[in-house]
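In: quick one, structure for this:
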Amino acid sequence: MSTSSFAFAGSLPVTVINETTVAKIDKDASINTEGEEGDPQDLRLRAVDDTLIVNVAGNLAVGSGAAVGIGADIAAITKKTKAIIKDASVVAPDPDTGLRPDDAPGIFAKRNIIIEADANDKLVSVVIGVSASGTAAIGINANIYVLTATTKSVIGDNAYVFANGSIVVDAAHYTDADLIVLSAAGGGAAAVNGGVGVAVFNKTVRAKIEEGAIVTALGEGDGLKNIRNGTIESSLTSADSISQPGLGNGGISPGFGLSDVSDGSIDFGLKDISDLDTDDQTEGRKLFEGKDYGARRIGENEEFHGLSVTATNVDDITAVGGAISGGGTAAVGGAASL
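Out: As a prediction, this is how the structure comes out:
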């Protein structure tokens, strides 16, 4: 809105996401109970939630008398990603043998059982505002992102899980956030200007075998490769942090499911934006490539045999705030990233 003496400009993208992604084997289910019969098999229970948000908000207010510009990008994201073998009923032993009855419910695999929950977020927010006037200019710009997430992989109470090979219970959540807010205001008499970037993340990542569960992994056959070991290192790329363990001799492609993942980095099609960082990309980190941290995995020449229970959380946050104010009499400018 503008007149000969007053101008107002504003932009306010708002994103609200509420997602639940569940892969589940229900209570007292029986899988692969044919005993010695049938072909060798793997069992894989996997839940994946990938979120990509790219929001750009801008405002320009110019007036001869006064100018007010307000811009904000607000996102509220709630995610639940779960891979669960549900609780099982308590099974009484056979009165004659004292052993577990052969017809009792259970989850079996002649090779490997992999239970995994993966959540991945790429959040990009850019807010730019400019206000200019002959007398007074006010500019207020902000990006505010709130992420609440639960990622868990669970074998439930009293569940019976048996594999001749290996068993993996794995939960991982990777978040890469780039929040940029730039604000400028200039007035002939006075200018007031502020920019703020706020990121609030509340994340729970859990891998667990519940009370009373009976889990057996004999570790026979070919071992698993490239599984996470529950620690973090800075030399891996984000694509490494989300690639999945192999089954038997085979392998699983990276979990993001994006064709851009080809060179060990997550691209997301933001090449032009990433060029803001440096003209020579070989000398510095690209602004929107999450290359700093990742989940450490076993060596490429190693194999894992047995039972692995791991939970990994990685947050890579880049926040940039800037404010420029100019006034003939007074100028106030402030920027903050929280």
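
In: low-confidence stretches in this protein?
Out: 1-7, 33-39, 63, 94, 96-98, 187-191, 233-296, 298-300, 323-338 (pLDDT under 70).

In: name the nearest residue to residue 210, sequence neighbours excluded.
Out: Leaving out its chain neighbours, the residue that sits closest to residue 210 by Cβ to Cβ, 6 or more residues apart in numbering is residue 157, at 4.5 Å. Where you see a C-beta, it was placed from the backbone N, CA and C, and this is true even at glycine.

In: for that neighbour, give its distance to residue 209.
Out: 10 Å (Cβ to Cβ, to the nearest Å).

In: who has more neighbours, the two?
Out: Neighbours were tallied for residue 157 and for residue 209 using other Cβ atoms under 10 Å; the higher tally belongs to residue 209 (21 against 16).

In: tell me what that one is bridged to.
Out: As for beta bridges, residue 209 partners with residue 155 under DSSP bridges.

In: check residue 116 too.
Out: Taking DSSP bridges as the rule, residue 116 bridges to residue 46, residue 170.

In: which residues touch it?
Out: Contacts for residue 116 were tallied using Cβ atoms under 8 Å, 6 or more residues apart in numbering; they are 44-47, 83, 153, 168-172, 244-245.

In: picking up where we left off before, over to the residue nearest to residue 210: give its phi and psi.
Out: phi -50, psi 130 (degrees, to the nearest 10).

In: start the count at 470, not 1, going forward
Out: Got it, first residue is 470 now, which makes that one residue 626.

In: these two touch, right, it and residue 554?
Out: No - judged on Cβ atoms under 8 Å, residue 626 makes no contact with residue 554 at a distance of 10.2 Å.

In: the one helix or strand residue 676 maps to packs against which elements?
Out: Assigned by DSSP states H and E, residue 676 belongs to strand 659-678. Helices and strands touching strand 659-678, as assessed by 3 or more Cβ pairs under 8 Å, 6 or more residues apart in numbering; DSSP states H and E, comprise strand 582-602, strand 605-624, strand 636-656, strand 776-796, strand 799-806.
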